[in-house]
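Asker: no sequence for this one, just the structure:
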């Protein structure tokens, strides 16, 4: 038995509308929103009394998805805002972009901050890390060569 595909990456956020706006402006498309609750959700996640709302975001090519989740109950813990890029656990989500400078400017309008600088890699890529809503680290890569 093998993996068929990677379906999505889930990210817990405090403000679902702000996260949807951030990822929409990044270039993803909102596939849909749903309320999640009930015994099946409790069993799947391993928490009791889950009430959450999700927004499924899809890349323009349709191959990758990010599930944004806002927990109403039980409430989310921590803020993730100050964790450095070398923190154990999910490190970051990377997206290929066609214009890294324009993308950074669009994301700054959503409060994103550049974690370092835009770096050149062997004349082939320009790369950077941004911190977005809920402390999410988003990497951007623009192919230049």
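Answerer: Ah, there it is. Fair warning: this is a prediction, and the values are worked out from it, not measured in the lab.
Asker: was I right about residue 144 contacting residue 119?
Answerer: No: Residue 144 is beyond contact range of residue 119, at 11.6 Å (criterion: C-beta atoms under 8 Å). Every residue, glycine included, has its C-beta placed from N, CA and C.
Asker: walk me through the domains of this structure.
Answerer: Domain assignment for the chain, taken from automatic domain parsing, gives 9-73, 93-143.
Asker: relative to residue 3, which of the ones you listed is closest?
Answerer: domain 9-73 (14.3 Å; C-beta to C-beta).
Asker: ok so, going back, quick one: common contacting residues for residue 144 and residue 119?
Answerer: Common contacts of residue 144 and residue 119, defined by C-beta atoms under 8 Å, 6 or more residues apart in numbering, comprise residue 126.
Asker: quick one on the thing from earlier: now the domains of the chain as TSV including distance to residue 84?
Answerer: Converted to TSV, the domains of the chain look like this (distance: least, C-beta to C-beta, whole Å):
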stretch	distance to residue 84
domain 9-73	18
domain 93-143	9
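Asker: flag the shaky bits of this structure, pLDDT-wise.
Answerer: 1, 80-82, 85, 88 (pLDDT under 70).
Asker: report the contact partners of the nearest residue in space to residue 124 that is not next to it in sequence.
Answerer: Counting by C-beta to C-beta, 6 or more residues apart in numbering, residue 124 lies nearest to residue 145, which is 4.4 Å off, once chain neighbours are set aside. Residue 145 makes contact with 122-125 under the criterion C-beta under 8 Å, 6+ apart.
Asker: ok, back up a step: right, and the domains of the chain - which one's nearest residue 2?
Answerer: Evaluated over those, closeness to residue 2 peaks at domain 9-73, with 17.8 Å, by C-beta to C-beta.
Asker: so how far is the closest one off the chain centroid?
Answerer: Chain-centre distance of domain 9-73: 10 Å, with C-alpha atoms, centre = their mean, to the nearest Å.
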